[in-house]
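Novice: have a look at this prediction, sequence included:
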Amino acid sequence: MMRRGSFFPGLEGFKEIRDPDPELFRPYVPDIAAFLDEETKQFPAESVLCVGKIRHIGSTYVSEFKYLQSVCSPEQAKSAKLTLAAPNWYHLRYKAGNAYPKDVYANDAEYFADIAKAYREELRVLYEAGCRNVQFDDPNMACSSSPFHSLRHGAF
């Protein structure tokens, strides 16, 4: 069953995993660093790993977009916005060699080419559903430029 409103788990080639091994992750990535913080000691209960060739198999957002439009005035519905995770979200979080299986993708270029195809298809489907406003969220971009991050975790 496809999870609604969650892009990566809705793609063929990705699998949700429960209680991921902390060794999969880059400890200096801001959200991972927060999870590994000595005071917090909380780690994600789930993550998503590439396990095969990536392919768009249907939108997980169209029903949410249609619902959003239904609760807005007609004028507001025209500018209704959806947000999607940045294409590099999971790749950035994982240590080198953990973002995708080497027997599936030989390199990052091949991996990101299929991710780009999946995003293009998602945007096409959303456009056909009437969505004209999509935002890509990349909170790590904002965190990586802060002076605090540079001092505490080193450069990316």
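Specialist: Alright, I've got the coordinates. Note that the coordinates shown come from a computational prediction; the quantities given were computed from them, not determined experimentally.

Novice: only C-alpha atoms for contact and neighbour calcs from this point on.
Specialist: OK.

Novice: now do the helices in this protein.
Specialist: 30-36, 62-70, 74-77, 89-93, 108-128, 139-144, 147-153 (DSSP state H).

Novice: quick check: buried residues in the second one?
Specialist: It stands for helix 62-70. 62, 65, 66, 68, 69 (16 or more other Cα atoms under 10 Å).

Novice: doesn't residue 19 make contact with residue 44?
Specialist: Yes - checked against Cα atoms under 8 Å, the pair residue 44 and residue 19 is within contact range at 6.9 Å.

Novice: who's more crowded, the two?
Specialist: Between residue 44 and residue 19, counted using other Cα atoms under 10 Å, the more crowded position is residue 44 (14 against 11).

Novice: tell me who's in contact with that one.
Specialist: Taking Cα atoms under 8 Å, 6 or more residues apart in numbering, we find residue 44 in contact with 19, 20, 35.

Novice: nearest to residue 125, of those?
Specialist: residue 20 (31.5 Å; Cα to Cα).

Novice: residue contacts, the closest one?
Specialist: Counting by Cα under 8 Å, 6+ apart, residue 20 touches 44, 45, 46, 47.

Novice: try 10 Å
Specialist: Going by Cα atoms under 10 Å, 6 or more residues apart in numbering, residue 20 touches 43, 44, 45, 46, 47, 48, 49.

Novice: which of those residues fall within strands?
Specialist: The strands, defined by DSSP state E, take in 46, 47, 48, 49 from the contacts of residue 20.

Novice: in ChimeraX, how would I select the buried members of those?
Specialist: Burial among these is assessed by 16+ other Cα under 10 Å; the matching ChimeraX selection reads:
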select :47,49
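
Novice: follow-up on the earlier one: what's the closest of the helices of the chain to residue 99?
Specialist: Among the helices of the chain, the nearest to residue 99 by Cα to Cα is helix 89-93 (5.1 Å).

Novice: what's the closest non-adjacent residue to the residue nearest the centre of the chain?
Specialist: Taking Cα atoms, centre = their mean, the centroid of the chain lies closest to residue 85, which sits 3.8 Å from it. Excluding the flanking residues, the one nearest residue 85 by Cα to Cα, 6 or more residues apart in numbering is residue 137, at 5.2 Å.
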